[in-house]
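K.L.:
no FASTA, just this:
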C-alpha cells in the first residue's frame, strides 16, 4: 500500500462492500506490491481486485494497467514512460491531469496540464479530489481527443473510496478485460456517494 495511504486492506474492502462496489483497481504509487496482498484479503469477499499502478513522471502522474517493469518514481519524462508501457502491451491513463500543483506527503506533485494534448494515451481520469474546473478540463481533453474517460476516487482513506468510480458497459473479469474495455472506450465516470 502506498506510503500516503491512511487505511488498511481490510478497511478498504469493508468500505467497498458497504458501497456495493464489485471491483477495485489498486493503483499504489510506483509499485505493484500491495495488489497481491489485497487480492488475498479479497478472496473472502465478492469484490474483485484488479492490478494497476500510479507512475510518477517528471511532468505528472499516470495510471497504468498491464506491464510490470517501470522506472524509479519521478526520474523519467512522460514520453519515456508511455513508450515503456506501450512496449509491454499496457495502457496509460492521465491521472488528475489538471490538478493544481500541491505539496503533499510525497512532496511536490506536478500536473500534466497542456502536455496531455501531445501524449499517446488511452484515457483521462476524472478525480474525486479535483475541483469541478479541473475535472471539466480533463473531460474536454477526453472529448477532444476521443480518449476514454474514467472516474477515480484517489482513496487514501476508507471514506474516500467510491466517491467517483468507473462504470463499464460489460462485465470485467480480469486485467485483460479492463484494458480492452478502456481501449474500446466502453467505460464512463460515475459519481457514487
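P.N.:
Arrived safely. Computed from a predicted structure; not experimentally measured.
K.L.:
Quick check: mean pLDDT of stretch 124-142?
P.N.:
The average pLDDT for stretch 124-142 rounds to 95.
K.L.:
my guess is residue 94 contacts residue 60, does it?
P.N.:
Yes. Contact criterion Cβ atoms under 8 Å: residue 94 and residue 60 qualify, at 7.1 Å. Just so you know, the C-beta spots here come from the backbone N, C-alpha and C atoms, and that holds for glycine as well.
K.L.:
where do the contact lists of the two overlap?
P.N.:
By Cβ atoms under 8 Å, 6 or more residues apart in numbering, residue 94 and residue 60 have these common neighbours: residue 112.
K.L.:
which residues touch residue 9?
P.N.:
1, 34, 37-38, 41.
K.L.:
What is the burial count for the residue lying closest to it once chain neighbours are set aside?
P.N.:
Nearest in space to residue 9, with sequence neighbours left out and distances taken as Cβ to Cβ, 6 or more residues apart in numbering, is residue 41 at 4.4 Å. Burial measure for residue 41: 16 neighbouring residues, criterion other Cβ atoms under 10 Å.
K.L.:
list the contacts for residue 41?
P.N.:
9-10, 13.
K.L.:
Return the item of those residues having minimum pLDDT.
P.N.:
Ranking the contacts of residue 41 by pLDDT, residue 9 lands last with 76.
K.L.:
Now the phi/psi pair for that residue, please.
P.N.:
Dihedral pair for residue 9: phi -60, psi -50, per degrees, to the nearest 10.
K.L.:
before we move on, what about residue 56?
P.N.:
Backbone phi and psi, for residue 56 under degrees, to the nearest 10, turn out to be phi -100, psi 120.
K.L.:
CSV for the contacts of residue 41, including distance to residue 19?
P.N.:
Below are the contacts of residue 41 laid out as CSV (distance: Cβ to Cβ, whole Å):
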residue, distance to residue 19
9, 16
10, 15
13, 11
